[in-house]
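> Predicted model follows, preceded by the sequence.
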Amino acid sequence: MIELAHPWALALLALPLLMRLLPAYRESRDSVRVPFFNKLVELSEQRPETGAMVLRRDRAQHFLVNFMWLCLVLAAAKPEWIGPPIEQQKSGRDLMIAVDLSGSMATADFTLPDGSTVDRLEAVKYVLATLGDQRASDRLGLIVFGNAPYLQSPFTEDHKVWAQLLAETEIGMAGQSTAFGDAIGLAIKLFLESDSDNRVLIILTDGNDTGSMVPPVDAATVAASHGIRIYTIAIGDPASVGEEALDTATLQRVSELTGGRYFQAFDRLELAKAYEAISELEPELYETISFRPRQSLHWVPVGVALLLYLCYHSFGAWQTWRRLGAARAA
């Protein structure tokens with residue numbers, strides 16, 4: 001299907017009609033006055049005339065001028081070939097994972113399917129290893145936090161790179177404390193910079209907030225105002241005390257304020273079940289984008305006009321050359 005990108009340009013077709021309202025173009029020429037003018041008139045058998053002489057075009061010239069004007073106006077209107085609609089699917093959700101890298105994550109109290117005992121961070125990595133395949137429709141991001149939160153991976157559709165960046169995290173690389181509230185604040189900043197309206201934050205921690213500039217509950221209130229749902233997963237020992245004590249009340253309150261849920265995962269199976277529950281609460285979401293490819297055809301009328309112009313003048317030059325040849329032969 002062909003459409004005009006600038007259909008208003010067709011109004012220029014009437015412009016030549018306005019030219020008829022204007023006076024004819026006048027041009028004066030110099031002449032030579034000779035004393036034997038009458039003798040020249042007698043010998044040439046021509047009758048001298050006074051006044052203006054209006055040049056007249058032949059039919060071919062009239063057609064050529066009108067047709068070229070039509071072609072130029074069509075080119076200005078920019079005809080385009082509109083192809084069939086093409087649909088593309090893109091990620092419909094931004095999913096940020098915030099992982100606690102404080103010193104308490106080194107506690108080895110998780111067991112893998114092969115029977116080996118690993119620390120809490122390795123158990124988190126093990127469960128998250130398949131997250132990219134399970135959340136194919138989501139853009140994944142990764143925040144690590146300790147003394148302060150750090151962006152490990154911005155939102156990306158390349159889940160292999162995301163998994164690699166997760167595998168490179170180590171306990172203590174962000175410090176020994178647990179800046180839980182500041183991690184929420186960094187996630188809010190990243191969500192506001194994205195263009196997705198569906199925003200989910202999953203936080204894994206085994207302790208309590210020990211040094212955030214913004215308390216977790218206050219940060220959760222701000223997150224809720226921006227439509228960010230927070231799912232908290234406690235992976236620590238509920239019997240721990242001191243700085244490593246698990247603050248389940250704050251985790252529950254953060255989830256409630258944002259419309260998310262709180263999970264306890266004190267072993268690998270419970271951690272996997274928590275992710276399965278989140279997957280059910282946050283099913284895959286796609287956004288479909290439909291567009292029709294456009295190919296400009298403005299060069300076609302321009303090419304036709306140039307071709308016709310060259311043919312006309314080439315034919316005129318050939319006729320002139322032929323007359324000159326006949327005159328020389330005579």
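Yes, it's here.

> Return the residues in contact with Thr156.
By CB atoms under 8 Å, 6 or more residues apart in numbering, Thr156 lies in contact with Arg139, Leu140, Gly141, Trp162. In short, each C-beta sits where N, CA and C put it, glycine included.

> For these, pick the one with the most neighbours.
Leu140 (26 neighbours; other CB atoms under 10 Å).

> longest helix in the chain, by residue count?
helix 299-329 (DSSP state H).

> Tabulate the contacts of Thr156 (a markdown table), appending distance to Met68, secondary structure and pLDDT.
Shown next, in a markdown table, are the contacts of Thr156 (distance: CB to CB, whole Å; DSSP: H, G, I helix; E, B strand; the rest coil; pLDDT from 0 to 100):
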| residue | distance to Met68 | secondary structure | pLDDT |
| --- | --- | --- | --- |
| Arg139 | 53 | strand | 86 |
| Leu140 | 58 | strand | 90 |
| Gly141 | 58 | strand | 93 |
| Trp162 | 59 | helix | 90 |
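
> nearest to Val300, of the residues you listed?
The closest of the contacts of Thr156 to Val300 turns out to be Arg139 (CB to CB; 42.1 Å).

> any weak-confidence spans in the stretch 1-150 of the chain?
24-27, 29, 31-32, 34, 45, 47-57, 87-92 (pLDDT under 70).

> Give me the phi and psi angles of Tyr150.
phi -140, psi 140 (degrees, to the nearest 10).

> follow-up on the earlier one: what helices and strands are in contact with the longest helix of the chain?
helix 59-77 (3 or more CB pairs under 8 Å, 6 or more residues apart in numbering; DSSP states H and E).

> Touching the helix it packs on from outside, list them.
Contacts of helix 59-77 (CB under 8 Å, 6+ apart): 4-7, 9-10, 12-13, 16, 57, 298-299, 301-302, 304-305, 308-309, 312.

> Now Arg93. Nearest residue, chain neighbours left out?
Asn198 (4.2 Å; CB to CB, 6 or more residues apart in numbering).

> Give me the pLDDT for the one you found.
On pLDDT, Asn198 comes in at 84.

> So it is in contact with Arg139, correct?
No. Between Asn198 and Arg139 there is no contact under CB atoms under 8 Å: 10.1 Å.

> List the residues that are in contact with both of these two.
Arg93, Asp94.
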